[in-house]
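[1] let me see the structure of the following:
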Amino acid sequence: MVEKDKLIGVDLGGTTIKFAILTADGTIQEKWAIDTNILDEGSHIVPDIIDSINRRIKLLNLDKERIIGIGMGTPGTVNIKEGTVTAAYNLNWKTTQHVKFDIENGTGLPLSLDNDANAAAIGEQWVGAGQNNPDVVFATLGTGVGGGIIANSKLIRGINGAGGEIGHIVVEPDGYLCTCGNRGCLEQYTSATGVVHLARDFADEYSGPSELKKAVDNGDQVTSKLVFDLAKKGDVLALKVVDKMSHYLGYALASISNTTNPAYVVIGGGVSAAGDFLLSRVKENWTKYVLSTVRSSTELRLAELGNDAGVIGAASLARSFS
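    This is a model prediction of the structure:
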């Protein structure tokens, strides 16, 4: 009997689809990527995934009997039981997609499906900064703010799949309008776009010398990276923005920590590239708001897997077939 010892991970994004073949313990052995073709209401996406997996298996002369299964992280609302995806607008999927049925039929392999932020959370918990601890919170700061809460080794999904929506914790009642329709969500203050929004508002009220203010006033392109780079150089306005953003993030993560008391709270995503400069400020604010028992047992950490979190976490979903 052939030993089942391989996992396939698929990280489906709006511009790129990342793939990886991993060992059963989470070590990447092969990875590749293709462009996401969202034309014709995204009808090419699933056939492209099937074709790419089948081609790579053939190219590697890999016995399908060795593959435990495929795991996939995707944008949109995922029905885990049905294996369907809805509301994945950046994929141009306007109707419910029967992803599990189609990919299993096309590859002959079992598929597990979850939201992309959940998949990245599981990846970091399994072989990343979470060190395979059963209790981990993951927050990813990118264009938006996503995340996942893992308690007793189980991802908290909630009754309708909205569990762990860290980006929609309200940190500023009646604050900035969020894409979800509410006001004051964490996402509007700590995502890449949120940091820029803060920078523009703060620049309007600031009258001292500042490279950041000059950039805003000149109509130059302002990014979260620019804000952090200037803050590291001591720009007073940029530091005010970073400190405010760190306050909101520390406050929100403290609320989750007080509720779940995880071993680790892991911060990932593009904005986290600011590294310890950001982490130290978030920790300072987090410490103000957490219970003493949580302060002494929960640790804030930066994510370790980078762009591989999605494919590793997706692959880990397939472990249920072993």
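[2] give me the contacts around whichever strand or helix holds residue 229.
    For residue 229, the host element (DSSP states H and E) is helix 224-232. With CB atoms under 8 Å, 6 or more residues apart in numbering as the test, helix 224-232 has contacts from 192-193, 195-196, 199, 210-212, 215, 237-239, 241-242, 270-271, 273-274, 277-278. The way it works is simple: take the backbone N, C-alpha and C, and place the C-beta from them, glycine included.
[3] starting at the chain centroid, how far to the helix or strand that that helix is followed by?
    Under the assignment DSSP H and E, the closest C-terminal helix or strand after helix 224-232 is helix 236-260. Centroid displacement of helix 236-260 relative to its chain, using CA atoms, centre = their mean, to the nearest Å, is 18 Å.
[4] show me which residues of helix 236-260 are buried.
    237-242, 244-257, 260 (16 or more other CB atoms under 10 Å).
[5] ok so, going back, distance between the helix holding residue 229 and the chain's centre?
    The mean C-alpha position of helix 224-232 is separated from the chain mean by 22 Å, CA atoms, centre = their mean.
[6] report the buried members of the contacts of helix 224-232.
    Buried subset of the contacts of helix 224-232 (neighbour count, 16+ other CB under 10 Å): 192-193, 195-196, 199, 210-212, 215, 237-239, 241-242, 270-271, 274, 278.
[7] next step: these restricted to helices.
    192-193, 195-196, 199, 211-212, 215, 237-239, 241-242, 278 (DSSP state H).
[8] report pLDDT for residue 67.
    pLDDT recorded at residue 67 is 97.
[9] which element is the residue nearest to residue 152 when sequence neighbours are not counted on?
    Among residues not flanking residue 152 along the chain, residue 134 sits closest, at 5.5 Å (CB to CB, 6 or more residues apart in numbering). Counting by DSSP H and E, no helix or strand carries residue 134.
[10] residue 134: how many residues sit nearby?
    Residues lying near residue 134 (other CB atoms under 10 Å) number 13.
[11] that one against residue 155, yeah?
    No - contact status for residue 134 versus residue 155: not in contact, 11.2 Å apart, counting by CB atoms under 8 Å.
[12] for the nearest residue to residue 166 once chain neighbours are set aside, the count of nearby residues, please.
    The shortest distance from residue 166 to any non-neighbouring residue, by CB to CB, 6+ apart, is to residue 147 (3.6 Å). Counted with other CB under 10 Å, residues neighbouring residue 147 total 27.
[13] isn't there a strand covering residue 147?
    Yes - inclusion of residue 147 in a strand is indicated when DSSP: H, G, I helix; E, B strand; the rest coil is applied.
[14] residue 89 and residue 38, how far apart?
    Between residue 89 and residue 38 the distance is 10 Å, computed by CB to CB, to the nearest Å.
[15] ugh, typo on my part, it should be residue 152
    38 Å.
[16] the more surrounded of those two?
    Taking neighbours as other CB under 10 Å, residue 152 and residue 38 compare with residue 38 leading, 18 against 7.
[17] ok, now which ones touch residue 120?
    Residue 120 touches 73, 138, 140, 146, 148, 268, 305, 309, 310, 313, counting by CB under 8 Å, 6+ apart.
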